[in-house]
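Novice: Structure here, sequence nowhere to be found:
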């Protein structure tokens, strides 16, 4: 019963941060209309989110067990609650930057704490994989909810309207409820304690030494490339829908929920599949499926004519086809994470997750920046076709990751 309450708390934490983290694409679309910000400047919001994740993870992940996972989560929730309240009270582009800065710092603490806590309550490798996939599935349900929650507050008839900022009162309340749940839940962190007599510098150098293991090195490269792809698509899909497929602003955001729904369905079902199949062929099928969806859907996005009376039933076919790439993306991230963490003892999970978070954040920023630059200076079509390059690289790194996993076993 105790573990079930912890799992519930972890799921709600991830649901909240899913909404906050993946609202960046929607916020980019809105600040361009509200504050007259250029696309390249708006893309910096991704950096304000991702770079703090990388820096904070690098600095604190190795000795976070000394601070306590529960304490770290509570501090993170308090920080984002305050940032959400600031958004409607102080409407400006710098406030949006501050919000994502706070979200980035908080998520670094949360992700390391949540992933490490999974290692404390999982019974075995299969149980760990099941919880991991369900957790990431809940995360994508949060992403899916975000598109509709934000879409409800957006005024499509007036691009300069700031009614969308009222959504942050709802998010602040949700963060506060989550804070109370975590505060009232007991966490047993005994088995995560670091070796006695070791200094914080020793903790930090141990994390750096972990990176130089061939298995870990190949893993973080794979994670970096995967997140680069996911953030390239997820962050810029609302803008792609709006400018290339000629959909209204609110509908552009809401249609992107199909992508999130596919990720959620894929991850929630992946635990069932991976309990019965070897992870490596599943990963390869998914990567090849991603490339196939890009090549199938993007040619249908050319020469779309704007329709002022467009509805869901009259939207271009590509509106619904391209987001299906999420079904193939879904199992990759939780799959490789579970394989990696299950190969390490619990006291190394915090350091390993810290490395994962660092390279995931760098991958997200790189993907969003490259896509935003190409989108603004060339075309949205070319920007999304470029995802075929990292997709091919993921296929290659997965092969070497499999070899290292087998060697370590």
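Specialist: Okay, I see it. All values derive from a computational prediction rather than experimental measurement.
Novice: Quick one: residues in contact with the helix or strand residue 210 falls within.
Specialist: Using DSSP states H and E, residue 210 falls within helix 200-211. With CB atoms under 8 Å, 6 or more residues apart in numbering as the contact definition, helix 200-211 has outside contacts at 61-63, 66, 194, 198, 216-217, 220, 348, 351-352, 354-355. The way it works is simple: take the backbone N, C-alpha and C, and place the C-beta from them, glycine included.
Novice: hmm, try it at 10 Å
Specialist: Residues outside helix 200-211 that contact it (CB atoms under 10 Å, 6 or more residues apart in numbering) are 57-66, 194-195, 198-199, 216-217, 219-220, 344, 347-348, 350-352, 354-355, 358-359.
Novice: Which ChimeraX command selects the buried ones in the residues you listed?
Specialist: In ChimeraX, the members of those classed as buried (16 or more other CB atoms under 10 Å) are selected with the following command:
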select :57,58,60,61,62,63,64,65,194,216,217,219,220,344,347,348,350,351,352,354,355,358,359
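Novice: Inside strands: which ones of the contacts of helix 200-211?
Specialist: With strands taken from DSSP state E, there is no overlap with these.
Novice: For the stretch 101-250 of the chain, give me the ranges with low pLDDT.
Specialist: Where the stretch 101-250 of the chain drops to pLDDT under 70, the residues are 124-126, 156, 159-160, 188-200, 202-203.
Novice: how about the helices of it, start to end?
Specialist: Taking DSSP state H, counting those that start in this stretch to define them, one finds helices in the stretch 101-250 of the chain at 125-153, 167-183, 200-211, 214-243, 249-255.
Novice: now the helix holding residue 210 against helix 214-243, angle please.
Specialist: For helix 200-211 against helix 214-243, the angle by axes from the mean of the first three to the mean of the last three CA atoms, to 10 degrees is 80 degrees.
Novice: List the buried residues for helix 200-211?
Specialist: Quick answer for helix 200-211 (16+ other CB under 10 Å): 203-204, 206-207, 210-211.
Novice: Show me which pair in the residues you listed is furthest apart.
Specialist: Maximum pairwise distance among these (CB to CB): 13.9 Å, between 203 and 211.
Novice: I'd like to know how far residue 70 sits from residue 180.
Specialist: 13 Å (CB to CB, to the nearest Å).
Novice: between these two, who's got more neighbours?
Specialist: Shown here are residue 70 and residue 180; by other CB atoms under 10 Å, residue 70 has more neighbours (18 against 10).
Novice: sec struct for that one, please.
Specialist: Under DSSP: H, G, I helix; E, B strand; the rest coil, the three-state class of residue 70 is helix.
Novice: Grab the nearest non-local neighbour of residue 23.
Specialist: Distance criterion CB to CB, 6 or more residues apart in numbering; nearest residue to residue 23, sequence neighbours excluded, is residue 146 at 5.3 Å.
Novice: residues contacting that neighbour?
Specialist: 15, 18-23, 25-26, 167, 171, 253, 256-257, 260.
Novice: With residue 360 instead?
Specialist: By CB under 10 Å, 6+ apart, residue 360 lies in contact with 50, 53-54, 57, 111, 220, 223-224, 226-228, 230-231, 333, 337, 353.
Novice: got the buried residues of helix 200-211 as TSV, with distance to residue 398 columns?
Specialist: TSV is the format used below for those (distance: CB to CB, whole Å):
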residue	distance to residue 398
203	30
204	30
206	27
207	24
210	21
211	19
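Novice: any weak-confidence spans in the stretch 301-409 of the chain?
Specialist: Using pLDDT under 70, the flagged stretches of the stretch 301-409 of the chain are 409.
Novice: repeat that for 90
Specialist: 301-323, 330-331, 333-387, 403-409 (pLDDT under 90).
Novice: follow-up on the earlier one: closest to residue 399 among the buried residues of helix 200-211?
Specialist: The closest of the buried residues of helix 200-211 to residue 399 turns out to be residue 211 (CB to CB; 20.5 Å).
Novice: So which residues of the stretch 301-409 of the chain form helices?
Specialist: Applying DSSP H, counting those that start in this stretch to the stretch 301-409 of the chain gives helices spanning 318-321, 325-329, 332-341, 349-377, 380-385, 388-408.
Novice: helices and strands around the last one, which ones?
Specialist: Going back to what we said before, that points to helix 388-408. Here helix 388-408 touches helix 214-243, helix 279-297, helix 325-329, helix 332-341, helix 349-377, going by 3 or more CB pairs under 10 Å, 6 or more residues apart in numbering; DSSP states H and E.
Novice: Turn the ones you listed into JSON lines, columns for distance to residue 402.
Specialist: Formatted as JSON lines, the helices and strands packed on helix 388-408 follow (distance: least, CB to CB, whole Å):
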{"stretch": "helix 214-243", "distance to residue 402": "9"}
{"stretch": "helix 279-297", "distance to residue 402": "5"}
{"stretch": "helix 325-329", "distance to residue 402": "18"}
{"stretch": "helix 332-341", "distance to residue 402": "9"}
{"stretch": "helix 349-377", "distance to residue 402": "18"}
